[in-house]
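*Asks:* Turn this into a structure:
(3 chains, ligands or ions: 3)
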Amino acid sequence: MIKYIGKRLAQILILLVIYVAVVFFLLHSMPGGIKAILATNPTLTPAARESILKAFGLNQSLPMQFVLYLKNIFTLNLGISYSFYPTPVWTIIAQRLPRTILLFTSATLISFFVGFASGKSLAWKRGKISEYVSTVIGVIAYTIFTPLLIFTLIWFFGSFLGIFPLNQFLNPDLWLHTNLDAQTIFLYLLLTISLVGLAMLVSFILAQKISHRVKTRKIIFYISTAIASALAIFWWAVSPVGIYAFDILWHMILPVISVTIVSYAGTMLVMRDSMLETIKEDFITTARAKGLPDKVVRDKHAARTAMLPVITNFVLSMGFVVSGGVITESLFSWPGMGMTLLNSTLAKDYPLASGALIFTGIFVLFAHLIVDIVYAFLDPRIRY
Amino acid sequence: MSNTTEEMTASSEVFESPFKIKLKLMWRAFKENWKIFSESKIGMLGFWIVIIFAVAGFIVYPILASTVWKSTSLSSMVSYNPVTGYDFTIASNPAPPSLTHLLGTDPLGRDILAQLLYSTPREFALGIIAALITVFLGTTIGTISAFYGGVVDTFFMRLADLTLLFPFIPFLIVISGMMTVNLFMLALILGVLSGFGGITIILRSQAMIVKVKPFIESAKVSGASNPYIIVNHIIPNIMPLSFLYMMFNVTGAIFSEAVLSFFGLLNIRMSWGLMIYTADTAGYIVGTNIGTYWWLWLPPGAAITLICGAFYFIGRGLDEVVNPRLRRR
Amino acid sequence: MKPILEVENLKMYYSTKLGYVKAVDGISFVLNEGESLGLVGESGCGKTTTSMAIMRLLAENAEILSGHIYFKGKDLLKLNNEEMNKVRWAGISMIFQAAMNSLNPVYKVGDQIIEAIITHEPNVTFEEARERVVNLYKLVGLDPKRIDNYPHEYSGGMKQRAIIAMSLSCNPDMIIADEPTTALDVIVQDMILKEMSRIQKKLNMSMIYISHDIAVIAEVAEKIGIMYAGKLVELSDSVTIFKRPAHPYTIGLMSSFPSVKGEKKELVTIPGEPPNLLNAPDSCRFAPRCPFATKECLEKEPPYEEIEPNHFIACFHPQNLRKQVNEYAKG
Ligand SMILES: Nc1ncnc2c1ncn2[C@@H]1O[C@H](COP(=O)(O)OP(=O)(O)OP(=O)(O)O)[C@@H](O)[C@H]1O
Ligand code: SF4
Ligand SMILES: [Mg+2]
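*Replies:* Residues are numbered from 1 along each chain as shown, chains lettered A, B, ... in the order given. Ligands and ions are numbered 1, 2, ... in the order given. Below is the predicted model:
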């Protein structure tokens, strides 16, 4: 297992270098070249320009420049943003990456579980009206133009029902009278959510170790999850900054729903197809013949095996979800990587744009690595 | 199958030219496949949507533009020009749908319907050019990888892996921000980028299946050169699958174009994405305006969704023709 | 002897777009406790469908038109799914034709067997169940160390043995073995069959062996039923079937296999094609290939009758092979 992960990690690193090379040579082939892109900002002082030229070795040969560029990326020296001068690019990215990670991870997890569950039961009960309806809904969600989806959502929830806030990361009126930093609270929120996630994972593994019966396992898992979530909610509720955390979460709901829908339909449709294939397998007949209850056959045998192609598909659709994320972020003014990328491009802030592009790539590569590891855990044929 | 052979011998007896026979056989195969395809509801739905859009864009628009929407010298009205039009009879723009402007006007006073129809052929052109490039590259690379194997194969497959992970839209955003991208360039970029991606993996595995078929062996024995075998034996056999993936690529290309022009990053005069962009930057899709000015975003958004969906549906329908495994009995 | 399984006039068709596939068309037989029955027939004659009907594991498009399947006196066709689940594996277990794919690739083989035990005997703890699996592994000749391996780590023969172990795990009263050894090479095939036969006798279980190869069946089954095109055409004990086959199809089948005892007989294959079960006509289905067919055979279905004690046959013109051979020899 460790060998497998190591191998994947090495592969990912190689891909990363290739990716950086592609971006580098792209920047190079732009009109004016990388020099123009990194150092021709009117707001830049001559001294700052000199230092950038030196750091990136922009007066040296092309291969040398590439090596320096690579080194700068690994040391997180990405230049200085034009539009936020003199903030270094990395500072901006470090601030915004967590927001994207949170949005992307929560939407992905939700869409995965919902898509998995609905695809599963659709395939199990074939020929019902519900199958037809949900397939149509799934296909619509799959093909809808993302901005159209988001406008519809904003119109319906924000304007028509008026229950969700529109187009903001937080409510400015609320934050006006405090000297709290939204970023700090946001990071604490992220920490809390990760802790709850960790608690769930630990209890899941413990449950597997403690008992061999599905029922007991489920009870252990659900109870500990409930306790962890209750603790987290309680802690935030009694803390004086709870209301601010709540504000951030409240503004998160619609963006999460949008990205969830974008990636949900793919999961659901693939799960349904995969499940229909799996049901025909001989080992499902064996499971039925063993006299296992219907639900056990469906969940433990069919769905568990049918899940594998869904995860593979997830890797393939990652690009799609990431672009959905860019659109979502910019339409909801969610200050993550996608919005940074778009705004810096529009503002011709090239150091920030190229930095954001590189970190979006790194983010995708690491998401891929994580999915790979999860896959290896789920499929014994790969694990050994 | 046996029918086809009989037909062939029968026709060669009356000395029909081989070309004619070939045509006849193709027509036959087409009819057979069409029958399977037309049984797929979703495929037919997509087919009809595409036909409707094509008729609207290629036939209805030119007719309308040269008759009803023609600028009359009398009033010198150019109110229906999709790019430069302005209707002076309207007090304030954007105006809601009315009898003179069936889908209303945009913030610059231009007719939405005219913009919608005007853009249709361009969307088709973009999608199909990009998909043709992709399929051409994918088929060539896929067959060459499968046929020659070894280093060539490894190289292209790893490249495909990388392309699959590539954050396309962010990449395109940055490119089009840095240089001026027009529709044709976009088609080229999209076509080339996705031509190295997943499609090569799929077509390669199909070519691998064809490669080990006996007729390839016999062609080799009879002294055919490698390029001859690739062009005459392998490519025709993976063509159906290429065609299937072409449909999915049309969807991808139109979608990408719409996203980029929606962000105002493309150098084009008019497109569905640009229509939403215009409305958005003018502040008509913000906050509560969204419901009030629905005609600014709903028609172009729906058009993008429908056309992307339609090509995707055709792809699903073709899937049943190409993959007998999926066929319902 | 007490009957354990009684199948009465079972009719099961597959409905397809083109019409009914009459896969099981009026089959009746009785299996006693501790007895072994072999079902023999060409590919596609409905053997698997029969066993699936007994297990009530039919495809979605399958329809049971008539008949009863009594297992220990209970009609299986009248049970609801929960009641049937109690019969499955604990009462009747099965070794599937596609044994290679019968194990779920994502679970350990041992766990898949334990799962069956724990489902049917909730009082058994995990450790006890595991202990039982160890014993079963020894019984079928597998190394108990392999319990915690995944199916892809087993060879074909090992999977086959694991499945046999699994079929024995809940001490069933009866096992249906559908071509248990087709995927294996001849030597392993022979070994596994002998082992199964030994275990069956030792545990005094009833057994249905299914095969297209009458020579294989002859080694292990006490009774033999010959199926042709969805019908049981002849049924008797194996000695009678081999000594006095009466149905023309059985006779043809015998002559197309070399004799089990190794006598050199001329191999005669049955001319003609196996029938299409789709919308099969109400005549003797063997008639197009039968050398003894008369007009009657094409008009009516031959009844399924007992021509001598415990020898059932569905044919208008039962043959007496010995008599004919004698006549043939005379000239
Ligand atoms: N789901 C189904 N739908 C329609 N027809 C079916 C279905 N399953 C089986 N059949 C048909 O029913 C007939 C009997 O099939 P069955 O699997 O019982 O044969 P078999 O005797 O087990 O053959 P084999 O020796 O090849 O396993 C065949 O003609 C087969 O084509
Ligand atoms: S009933 Fe007639 S056709 Fe059928 S097997 Fe007997 S003799 Fe042959
Ligand atoms: Mg069978």
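*Asks:* What segments of the stretch 101-250 of chain B are helices?
*Replies:* Under the criterion DSSP state H, counting those that start in this stretch, helices of the stretch 101-250 of chain B are mapped to B:112-148, B:150-165, B:168-178, B:183-195, B:198-211, B:214-221, B:226-229, B:235-262.
*Asks:* now swap in the stretch 201-331 of chain C and tell me
*Replies:* Under DSSP H, counting those that start in this stretch, the stretch 201-331 of chain C gives helices at C:214-220, C:238-243, C:248-255, C:295-299, C:321-330.
*Asks:* that older thread, so which of the helices of the stretch 101-250 of chain B gets nearest chain C?
*Replies:* Closest of the helices of the stretch 101-250 of chain B to chain C is helix B:198-211, at 21.2 Å (criterion: Cβ to the nearest Cβ). Bear in mind the C-beta positions are built from the backbone N, C-alpha and C, glycine included.
*Asks:* so what pLDDT did residue 52 get?
*Replies:* Let's take chain A. Looking at A:I52, its pLDDT reads 69.
*Asks:* hm, I was asking about chain C
*Replies:* Here the pLDDT value assigned to C:M52 is 91.
*Asks:* residues touching it, list them.
*Replies:* By Cβ atoms under 8 Å, 6 or more residues apart in numbering or on different chains, the contact set of C:M52 is C:L58, C:A59, C:A62.
*Asks:* and it, what helix or strand is that in?
*Replies:* Here C:M52, judged by DSSP states H and E, is contained in helix C:47-55.
*Asks:* just C:N9 next, same as before
*Replies:* Assigned by DSSP H and E, C:N9 falls within strand C:3-16.
*Asks:* Any residue of the helix holding C:M52 touching ligand 1?
*Replies:* Yes - with Cβ under 6 Å from any ligand atom as the criterion, ligand 1 is reached by helix C:47-55 at C:K47, C:T48, C:T49.
*Asks:* what about that helix and ligand 3, any contact?
*Replies:* Yes - part of helix C:47-55 sits near ligand 3 under the criterion Cβ under 5 Å from the ion, namely C:T48.
*Asks:* And that helix, what's buried?
*Replies:* For helix C:47-55, the neighbour count (16 or more other Cβ atoms under 10 Å in any protein chain shown) marks C:K47, C:T48, C:T49, C:T50, C:S51, C:M52, C:A53, C:I54, C:M55 as buried.
*Asks:* Contact partners for the fifth one?
*Replies:* With Cβ under 8 Å, 6+ apart as the criterion, the residues that contact C:S51 are C:L39, C:M94, C:I176, C:D178, C:I208, C:I210.
*Asks:* Give me the distance between the last one and C:Y70.
*Replies:* In other words, C:I210. Between C:I210 and C:Y70 the computed distance is 20 Å (Cβ to Cβ, to the nearest Å).
*Asks:* Among those two, which residue is more densely surrounded?
*Replies:* Counted by other Cβ atoms under 10 Å in any protein chain shown, C:I210 and C:Y70 do not tie: C:I210 has more neighbours, with 25 against 17.
*Asks:* residues in contact with the more buried one?
*Replies:* Applying Cβ under 8 Å, 6+ apart to C:I210 gives the contacts C:G38, C:L39, C:K47, C:T48, C:S51, C:Q97, C:I176, C:A177, C:D178, C:E179.
*Asks:* And residue 173, what's its pLDDT?
*Replies:* Picked chain A for this. According to the predicted model, the pLDDT of A:D173 comes to 68.
*Asks:* To clarify, I was referring to chain C.
*Replies:* Listed pLDDT for C:D173 reads 91.
*Asks:* Apart from its neighbours in sequence, what residue is nearest it?
*Replies:* Closest residue in space to C:D173, ignoring its immediate chain neighbours: C:G91 at 5.6 Å, by Cβ to Cβ, 6 or more residues apart in numbering or on different chains.
*Asks:* now A:V114
*Replies:* Using Cβ to Cβ, 6+ apart and skipping residues adjacent in sequence, the residue nearest A:V114 is A:Y264, 5.9 Å away.
*Asks:* Tell me the helix or strand right after the helix or strand in which the one you found is found.
*Replies:* Element membership for A:Y264, per DSSP H and E: helix A:242-279. Downstream of helix A:242-279, the next assigned helix or strand under DSSP H and E is helix A:282-289.
*Asks:* That following helix and ligand 3 in contact?
*Replies:* No - using Cβ under 5 Å from the ion, helix A:282-289 stays clear of ligand 3, with a minimum separation of 11.7 Å.
*Asks:* Would you mind pulling up the elements that the next helix or strand after the strand holding C:N9 packs against?
*Replies:* Counting by DSSP H and E, the next helix or strand C-terminal to strand C:3-16 is strand C:19-32. Counting contacts by 3 or more Cβ pairs under 8 Å, 6 or more residues apart in numbering or on different chains; DSSP states H and E, strand C:19-32 packs against strand C:3-16, helix C:47-55, strand C:62-71, strand C:206-211, strand C:223-228, strand C:231-237.
*Asks:* Could you give me the buried positions within the helix or strand harbouring B:I276?
*Replies:* Using DSSP H and E, the element containing B:I276 is helix B:272-281. Across helix B:272-281, burial judged by 16+ other Cβ under 10 Å covers B:W272, B:G273, B:L274, B:M275, B:I276, B:Y277, B:T278, B:A279, B:D280.
*Asks:* What of stretch B:288-303?
*Replies:* Those would be B:N289, B:I290, B:Y293, B:W294, B:W295, B:L296, B:W297, B:L298, B:P299, B:P300, B:G301, B:A303, for stretch B:288-303 by 16+ other Cβ under 10 Å.
*Asks:* Which members of these occur in helices, if any?
*Replies:* With DSSP state H as the criterion, helices contain B:N289, B:I290, B:W294, B:W295, B:L296, B:W297, B:L298, B:P299, B:P300, B:G301, B:A303 from among the buried residues of stretch B:288-303.
*Asks:* Hmm, B:I276 and the last one touching each other?
*Replies:* The reference is to B:A303. No - counting by Cβ atoms under 8 Å, B:A303 stays clear of B:I276, with 10.4 Å between them.
*Asks:* so can I have a markdown table of the helices of the stretch 101-250 of chain B showing distance to ligand 2 and mean neighbour count?
*Replies:* Listed next are those as a markdown table, based on distance: least, Cβ to the nearest ligand atom, whole Å; neighbours: other Cβ atoms under 10 Å in any protein chain shown:
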| stretch | distance to ligand 2 | mean neighbour count |
| --- | --- | --- |
| helix B:112-148 | 53 | 22 |
| helix B:150-165 | 59 | 16 |
| helix B:168-178 | 68 | 24 |
| helix B:183-195 | 63 | 20 |
| helix B:198-211 | 45 | 20 |
| helix B:214-221 | 41 | 12 |
| helix B:226-229 | 53 | 13 |
| helix B:235-262 | 47 | 23 |
